[in-house]
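Enquirer: missing the sequence, but the structure's below:
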């Protein structure tokens, strides 16, 4: 992975920023100078903040992150987030990974293969194998959301095996990593929200409603900050279910009514059908 300093300079000038103005509140002017003149790669926290200020993505100023397979992986990602694992498996099978030399692409392959082994084939042992290849590599970086969400996959696989201590271990690891994660584009934003949603669902199955609420609220803060509707309806559904488990009846009614209202906006018919009789029963109690 290499920083393209000339690109940083180009984007900075397009924004009419001096090196000092770009660096303000993020790093020193000397750091920006080294980035532009010597291709010096700073900490990932700094490069993420620089990219945000320039309104660009990491791919715009870093080489070696991905390859020509980005579009195919993006389509697979969308299918996985919709839980259309059959389609994801079909698309992944069409990719010829035999001659792929790019390490990032190999990691993405194992990431999606793990979720497909769980979702399409119900093979937790195979899923754990692929997630292990992703998580235990030598050059793991804390900003790599594929690795972070791989912990969610591990938790899911161990839950299928009813190894609940390991499930909790990986859920806790995923939550802690996500607390410190700084997303830099729409794709990573959606993957982060999806991860929080999956974590919350598993905590509900583990009968830990307070952990459900903590993860849902973290996701809702990010969604509202972005003025996004991504998964907001089902997040409120999970919040209501957790509040029911905590016997917070009034709060649960409020959350479920919000979820149903949002389902009308997002055209989530399945959620509307799921919530209408449940809310009706609660209102008559």
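Expert: Everything's here; your move. Please read all numbers here as calculations on a predicted model, not as lab measurements. Numbering: from 1, shown residues only.
Enquirer: So which residues make contact with the longest helix seen in the chain?
Expert: As far as residue count goes, and with DSSP state H defining each element, the longest helix of the chain is helix 186-205. Outside helix 186-205, the residues within contact range by CB atoms under 8 Å, 6 or more residues apart in numbering are 74, 77, 81, 145, 148-149, 152, 155-156, 159, 167, 171, 174-175, 178, 181, 183, 209, 211-212, 215-216, 218-219, 222-223, 226, 228, 230-231, 234-235, 238, 241-242, 245. Just so you know, the C-beta spots here come from the backbone N, C-alpha and C atoms, and that holds for glycine as well.
Enquirer: Now with 6 Å, please.
Expert: The set of residues that contact helix 186-205 without belonging to it, under CB atoms under 6 Å, 6 or more residues apart in numbering, is 81, 145, 149, 152, 155, 171, 174-175, 183, 211-212, 215-216, 218-219, 230-231, 238.
Enquirer: which phi and psi does residue 3 have?
Expert: phi -80, psi 140 (degrees, to the nearest 10).
Enquirer: low pLDDT regions in the stretch 1-150 of the chain?
Expert: Counting by pLDDT under 70, the low-confidence segments of the stretch 1-150 of the chain come to 1, 44, 64-67, 99-102, 137-144.
Enquirer: Going by residue numbers, what spans are helices in it?
Expert: Under the criterion DSSP state H, counting those that start in this stretch, the stretch 1-150 of the chain contains helices at 5-14, 19-23, 29-38, 44-54, 58-61, 70-81, 85-93, 103-119, 124-135, 145-160.
Enquirer: about what we covered before: can you give me the buried ones in the longest helix of the chain?
Expert: By neighbour count on 16 or more other CB atoms under 10 Å, the buried set for helix 186-205 is 187-204.
Enquirer: returning to what we had before: filter the contacts of helix 186-205 to the buried ones?
Expert: Among the contacts of helix 186-205, those classed as buried by neighbour count (16+ other CB under 10 Å) are 81, 145, 149, 152, 155, 171, 174-175, 183, 211-212, 215-216, 218-219, 230-231, 238.
Enquirer: related to what we said a few turns ago, out of the helices of the stretch 1-150 of the chain, flag the one nearest residue 269.
Expert: Closest approach to residue 269 among the helices of the stretch 1-150 of the chain (CB to CB): helix 70-81, 18.3 Å.
Enquirer: chain center to that closest one, what's the gap?
Expert: Its chain's average C-alpha position is 13 Å from that of helix 70-81, according to CA atoms, centre = their mean, to the nearest Å.
Enquirer: Domain parsing of the chain, as residue ranges.
Expert: In terms of domains, the chain is parsed into 2-63, 70-206 (source: automatic domain parsing).
Enquirer: and among those, the most buried is which?
Expert: For the domains of the chain, average neighbour numbers computed from mean count of other CB atoms under 10 Å are highest in domain 70-206, which has a mean of 18.
Enquirer: ok, back up a step: okay, and which of the buried ones among the contacts of helix 186-205 map to helices?
Expert: Residues of the buried ones among the contacts of helix 186-205 located in helices (DSSP H): 81, 145, 149, 152, 155, 171, 174-175, 211-212, 215-216, 218-219, 238.
Enquirer: Tell me the one of those nearest residue 48?
Expert: Nearest to residue 48, judged by CB to CB, of these is residue 145 at 11.7 Å.
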